[in-house]
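In: show me the folded form of this:
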Amino acid sequence: MANPPVIIWKDEVERLLRYRELIPRLEVALGKFSWRDSAELIQPVRTTVPLQKHDGFMGLMPAYMENDGVLSTKFVCFYKREDGSTLPATQATVVLLDPEYGNVKAVMDGEVITDMRTAAVSAISAKLLMRPGAEVLAILGTGRQALSHYNVFMEMFSFKEVRGLRGLETPVSGPVTACVSVEEAVRGADVIVTVTRCTEPVLFGQWVKAGAHVAAVGACRPNWRELDDVLMKEAVVYADSREGAMAESGDIILSGAEVFAELGDVINGTKPAHREKTTVFKSLGMGVQDAVSAKLVFDQWKARHSQL
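Out: Numbers count the residues shown, from 1 in each chain. The predicted model follows:
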């Protein structure tokens with residue numbers, strides 16, 4: 001008889017999940033995902049259910065990694081919130097199952113997992129695509145994702161200046177140059193991260209330095225956007241999942257931009273990293289990222305509790 005599922009709350013997920021252990025596992029998973037002839041990793045495009053009364057959606061994000069014995073799904077609710085709203089923009093729960101028996105092994109808070117795996121993949125995109133010697137980072141957004149991106153980018157890279165809109169300096173622990181406008185924040189920046197709730201373009205190509213790298217995280221619906229047509233058409237566009245981006249990214253669908261490669265293609269060496277050009281990494285988030293993160297949390301939980 002299977003043991004009852006373990007419940008791992010947010011505070012414990014925060015203690016167990018670390019970027020130094022998560023990032024290499026995500027790189028391996030992204031590479032596996034982009035090998036299209038491999039049955040080792042199965043991940044369909046996210047299924048969404050509209051929550052019309054609440055101006056939101058519920059997403060279901062399953063993934064199965066056969067050789068690693070990982071089966072999981074994430075339930076995530078995300079909403080279009082008005083500025084100043086006190087309601088959360090996202091809520092998430094990750095369920096880890098035994099692939100042989102089908103029982104639930106663990107249920108864990110998905111907020112920290114979502115924040116950290118998203119920021120980690122953005123950092124991987126910068127590691128692969130930004131120009132050597134990048135000095136200025138700009139972060140557009142002031143919420144949880146802005147904080148997680150700040151944390152991992154500060155851990156992985158040595159930027160001389162971090163810029164953000166007023167409000168970003170409140171949650172972060174390090175120095176941030178507070179800017180009064182998006183244009184002021186991004187002019188001359190080497191790396192730009194967009195983690196906003198915007199549904200219309202907020203970042204315009206005419207402001208973006210040639211050769212800059214943009215990690216675009218918001219606008220996860222076909223009719224939502226953060227980036228304008230000029231930027232999308234001038235940049236070399238990468239995605240975490242080509243199929244996911246073509247189904248869900250308004251920035252790509254509405255601009256008519258082509259996805260040059262998946263991040264996993266660059267990791268695998270099947271597509272080049274055009275560091276010398278302006279690049280956009282469109283992040284939609286993938287179930288396999290949650291699966292890898294959940295397995296790491298569960299393994300760490302088991303190791304810790306076996307010592308008690």
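In: ok so Ile113 is a helix residue?
Out: Yes. The secondary structure assignment for Ile113 places it in a helix, going by DSSP: H, G, I helix; E, B strand; the rest coil.
In: what helix or strand is the nearest residue to it once chain neighbours are set aside on?
Out: In space, Ile113 comes closest to Ser293 once its chain neighbours are excluded; the distance is 4.5 Å by Cβ to Cβ, 6 or more residues apart in numbering. (Glycine included, C-beta is placed from N, CA and C.) With elements taken from DSSP states H and E, the one containing Ser293 is helix 287-306.
In: how about that helix: buried residues?
Out: By neighbour count, with 16 or more other Cβ atoms under 10 Å as the criterion, the buried positions of helix 287-306 are 287-298, 300-301.
In: would you mind confirming that the residue nearest to Ile113 makes contact with Leu17?
Out: Yes. With the criterion set as Cβ atoms under 8 Å, Ser293 and Leu17 qualify as a contacting pair; they are 6.6 Å apart.
In: and the helix or strand where Lys74 lies, what's its mean pLDDT?
Out: Assigned by DSSP H and E, Lys74 falls within strand 70-79. Mean per-residue pLDDT for strand 70-79: 95.
In: quick revisit: what's the angle from the helix holding Ser293 to strand 70-79?
Out: Angle, helix 287-306 to strand 70-79, by axes from the mean of the first three to the mean of the last three Cα atoms, to 10 degrees: 110 degrees.
In: which other helices and strands does helix 287-306 contact?
Out: Under the contact definition 3 or more Cβ pairs under 8 Å, 6 or more residues apart in numbering; DSSP states H and E, helix 287-306 sits against strand 6-8, helix 10-16, helix 19-33, strand 56-65, strand 70-79, strand 90-97, strand 104-109, helix 111-129.
In: need the winner for burial among the ones you listed.
Out: Scoring these by mean neighbour count under mean count of other Cβ atoms under 10 Å gives helix 111-129 as the most buried, with a mean of 24.
In: what mean pLDDT does the helix or strand following that one get?
Out: Scanning forward in sequence from helix 111-129 by DSSP H and E, the next helix or strand is strand 136-140. Strand 136-140 shows a mean pLDDT of 97 in the predicted model.
In: list the contacts of whichever helix or strand comes after strand 136-140.
Out: Next helix or strand after strand 136-140 toward the C-terminus (DSSP H and E): helix 144-156. Taking Cβ atoms under 8 Å, 6 or more residues apart in numbering as the criterion, the residues outside helix 144-156 that touch it are 19-20, 23, 111, 115-116, 118-120, 122-123, 126-127, 137, 139-141, 159, 162, 164, 168, 171-172, 174, 176, 191, 193, 195, 215, 217.
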